[in-house]
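Undergrad: No sequence on hand, only this structure:
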């Protein structure tokens, strides 16, 4: 028998959630809603006495000061009575069976503490949220409110009732209000076998497709051939298998050989054709990314700060004489398209496990997040199956908020980019940095090694059908019985408890190796760690499950969250398990690492997978692809220089890409852990846009970690070579603006591409692959010149969506994330102007480079004159600038990026709350003949700095070999005044400029 | 040799400000500062009563899933310490009776009001009469606020302090009382320690975002009648160094130490003078 305990805020208190929901229902959905009050439902499925129910309701479930509760009667009726108002609808939103219910989990633990025993498998607590709606909504509108705002049908179920029918519905037998969302699947454990040897090519492809293996014919044939080897068959017979593959084996191979895990495109052999010739590239990754880092490390010699690159879950660099830093950025795009909240939440808690599972494990000290969305004011019809960009925006924002804030990790840096082509696939980049002592128990912290004989221990969450088949899932697989497989919801607190425990176990030396369970689940985590020892034996039946009914292959590849796998020496196993239990973390021994050379899984003692480690890890064949580069030609804009340049500037400041993101920033804790030095917002009113973040991971020392990024997808419309140059240059500029050293920066590349493999579905694959080739060449050129080694990265290659028969591909996007160092945080600086009388300099030359600029985009053009990075010249400037900042000669520094010099000057002025008098004729420029071009060109490698008059000489001396122009002074006037050729071209109050910049996302 | 001032900072189950809280205690001069996981108290290996200064840091106890610190308070009330039969709460009450100091910040403050440790108007440390609920904005927010202290308050932490800037970082920080009489009693007894103010006037304000959550009487922190127990929503430990201040690049500061340390120093000095 299930009981409903319902809890609501006392009706004399403001219901903030209700009011927030009301605002969005009115503004986003235009529904005639007048008021909303909310309540919480705990559906408790267990036998309890009346007094026990009362204790539970009164104790952990409600706060007597602010809340009231009801048991098995609708609290909505009580609310209605107390408010003495006419309410029209009740909508309740709960989770579908098997979906992670974090509140339900905490509620269950609270009951256990109260009654002094664990709940049985057939008992449980399930939560939902109730909305009591006032307003003249018809039934269709009530459904619209439920599905377009309150619930996501993929993972949640809704119960909708007219208020006057509520009590009647409540009392019905089989009342939907008492529906218990327990997973009730009765499946017999069954291991299927597949005889690939007897299959035709067509049948092989059919198998690949039907089981979502996503393996090509070539790959399927390699699997087929593998079973022709008599040695293999002989070995398999000894463990009770034959020439047929088990489902566990096929799933393990498919996962290990997936694009996601093996990066087949980045490792392909590519024939690259350009208008002036062709060349063959054997692996973009080895040639340009790994190749660049190798070259840089060699040149750095003794100074090389890289410790572990491209081999672990995160890259590791040296930070101080006591600490190393691990950094990783991941994407979580497809899940975020389907369920923005769960997708993003899982994105952030997932990437947290990367540095945590690097070396012997890092303590997590910062998060970053960068999003690419469709425009939030998109007003064309949204195709079925997609969510409105604003809903995606809000869901993702909230997911990252909950993931980052609850994990106790400051979100220090990020940005949001808008383009209609992200409508089908939003990009959600989440990054995490961690610190580790140089050595742990005398061992280098960045190394790990599972030893033969070590126990395989899984820690943290339990296994469900969550995320099976990861990003390869297709929508027809979703159905009421197994919705949990589609999307996952992260559980940051279970993960926090696990990381608290494992950090202590690490320092006690209780394990030899650690890695996270992400894509591919146990198959991937155990499989990869076994490369250290040389093999493993894994007992799938010993894995703790969220609910019964999982097949062995599902246990093997489930991507259920919050799990780490560790290799524990047998002699420390007892201590490890005891500590785990004490700290409230579930740890289970699942098997042993071996040196057998075998990937060996068993279920109930029977072998269900037996593969050579070599074959599973090295057997995937190299792809051969063709890339053809033909530079695109866009219409050259033809419009007069506008008269009202102040108006043009304000219009640019109001563009989504440029405008203030304070609304989002404030909802993330960017200061927890106490090391905050440069926050995301700065200036006289704490609302200016900081270029980068600085934090002190060690509060007793003055070294600061600088975190920045660059992302410029618009430039891909002209040439991805310069898109990449601009992204890297932007990341470097941002870091320099806050005072980072130029000669100790590390990078991290995240490629998000549209499918670049030529096929029927992708007729322009050759061009898209050429875009990828050019992007990689650029990354090599700029990184090796700036001496910035990439230490880790990731690619996501299938960011396309087919909508109503039309394919939308994202613009090829590189996110370049950067970590740098400042030796003394007291030398750090911000972008806002500081004092009247300070001198204003522009560093770097402005060229007529408006191709794919914000200015042209605002006028409806792309153009062709792409901003180029003059790498050598820029490097010399950066070296000098870095010297000037370290000597404290600069008062403020901001780079010119989106919107060019005009936007940069405006941001500096209004952030400092002061005016500026600028003579644009003094700006260093070449070939510029129009003032709008001078103001809004997006030429790279430029800064605006302010310098106190007494530092003029010293500053100019250091910058003597660089192009700089003294263009004006900071004024007390609170107006941004610009002249050109002696004529005033802009004269705007800084408050007006700020208003234009703040208004678009002031939700 | 003088006796040592010992501070304990609890952590575990979602707490996340323990590192900077411990750092603030150290900078303030505490001789022993231990970060202790609640499970170490529950298994009897560490006793809170062996310390003088209990710090309950910010975070998300149990994800704040049943309401901020609601499940955390439930744990204090019901989890028992191995081998003694005592509840965690019993040990804390013993600590209070022995004259110890407690500082709860953010989630720690929420924990204190939800167990009844504050305001303890009639000396009953287990009676809930005030609470912290959802911000009027309906949002979690990170922003710096100005607060003024109450010079007539018995609070030992705020002696000699006037106004102070600190960050708030919470979604449930709106202070409410069970009824108006509770609030007036707090006010009358000078148990209101911190109020959000408009820095331009120095007066308490209900205006957002100066008052970031809509708290009754602009209350940001309260103490018990002894003044040894205090809870507050803003984070003094987040302002331990001048570079924590959001405008440190625009202003000159007399010292490197952040203004938040003063609270911890008052606590340490009180212990040195009155307890050890």
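TA: All right, it came through fine. Just so we're clear, the structure is a prediction, and the values are computed from it rather than from any experiment.

Undergrad: going forward, measure contacts and count neighbours with C-alpha atoms only.
TA: Fine.

Undergrad: what about stretch B:237-253, start to end distance?
TA: 18 Å (C-alpha to C-alpha, to the nearest Å).

Undergrad: Pull out the buried residues from it.
TA: B:237-250 (16 or more other C-alpha atoms under 10 Å in any protein chain shown).

Undergrad: residues contacting residue B:172?
TA: Counting by C-alpha atoms under 8 Å, 6 or more residues apart in numbering or on different chains, residue B:172 touches B:68, B:132, B:133, B:134, B:135, B:140, B:213.

Undergrad: Show me which of the buried residues of stretch B:237-253 is closest to residue A:232.
TA: For the buried residues of stretch B:237-253, the minimum distance to residue A:232 (C-alpha to C-alpha) is 61.6 Å, reached by residue B:238.

Undergrad: In this structure that closest one contacts residue B:166, no?
TA: Yes. Using C-alpha atoms under 8 Å, residue B:238 is in contact with residue B:166, at 7.3 Å.

Undergrad: Common neighbours of those two, please.
TA: What both residue B:238 and residue B:166 touch, as defined by C-alpha under 8 Å, 6+ apart, is the set residue B:260.

Undergrad: and the longest helix seen in chain A, how far out from the chain's middle?
TA: Taking DSSP state H as the criterion, chain A has its longest helix at helix A:765-786. Centroid separation between helix A:765-786 and its chain, computed with C-alpha atoms, centre = their mean, to the nearest Å, is 23 Å.

Undergrad: Show me what residue of the stretch 501-650 of chain A gets nearest to chain B.
TA: Residue nearest to chain B within the stretch 501-650 of chain A: residue A:583 (5.7 Å; C-alpha to the nearest C-alpha).

Undergrad: Can you report how many residues lie near that residue?
TA: The tally of other residues near residue A:583 (other C-alpha atoms under 10 Å in any protein chain shown) stands at 22.

Undergrad: Would you list the phi and psi of it?
TA: Here is the backbone geometry of residue A:583 (degrees, to the nearest 10): phi -90, psi 10.

Undergrad: Double-check it against residue A:501; I have them as touching.
TA: Yes. Contact criterion C-alpha under 8 Å: residue A:583 and residue A:501 qualify, at 6.4 Å.

Undergrad: Grab the most central residue of the chain for me.
TA: Picked chain A for this. Central residue of chain A (C-alpha atoms, centre = their mean): residue A:430, 2.5 Å from the mean position.

Undergrad: nope, chain B please
TA: Nearest to chain B centroid, counting by C-alpha atoms, centre = their mean: residue B:104, 2.4 Å.

Undergrad: Quick check: which element contains residue A:409?
TA: Using DSSP states H and E, residue A:409 maps to neither a helix nor a strand.

Undergrad: Around it, how many other residues sit close by?
TA: Neighbours of residue A:409 using other C-alpha under 10 Å come to 27.

Undergrad: can you give me the helices in the stretch 351-500 of chain A?
TA: Here the stretch 351-500 of chain A has its helices, by DSSP state H, counting those that start in this stretch, at A:389-407, A:492-507.

Undergrad: Quick one: closest of those helices to residue A:413.
TA: Nearest of those (C-alpha to C-alpha): helix A:389-407, 12.2 Å.

Undergrad: tell me which residues of the closest one are tucked away?
TA: Within helix A:389-407, the residues that count as buried by 16+ other C-alpha under 10 Å are A:389-393, A:395-407.

Undergrad: quick one on the thing from earlier: which ones among the buried residues of stretch B:237-253 also lie next to chain A?
TA: B:237, B:238, B:239, B:240, B:243, B:244, B:245, B:246, B:247, B:249, B:250 (C-alpha under 8 Å from any C-alpha of the partner chain).

Undergrad: quick one: which of the residues you listed sit in strands?
TA: Nothing among those maps onto strands, per DSSP state E.

Undergrad: Dump those to CSV, plus pLDDT and distance to residue B:180.
TA: Listed next are those as CSV, based on pLDDT from 0 to 100; distance: C-alpha to C-alpha, whole Å:
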residue, pLDDT, distance to residue B:180
B:237, 98, 31
B:238, 98, 32
B:239, 98, 33
B:240, 98, 36
B:243, 98, 40
B:244, 98, 37
B:245, 98, 36
B:246, 97, 36
B:247, 96, 38
B:249, 97, 43
B:250, 97, 42
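
Undergrad: Outside of the lowest-mean-pLDDT helix or strand in chain A itself, list whatever touches it.
TA: Every helix and strand of chain A was ranked by mean pLDDT, DSSP states H and E. The lowest is strand A:800-803, at a mean of 80. With contacts defined as C-alpha under 8 Å, 6+ apart, strand A:800-803 is touched by A:383, A:424, A:425, A:754, A:755, A:807, A:808, A:809, A:810.
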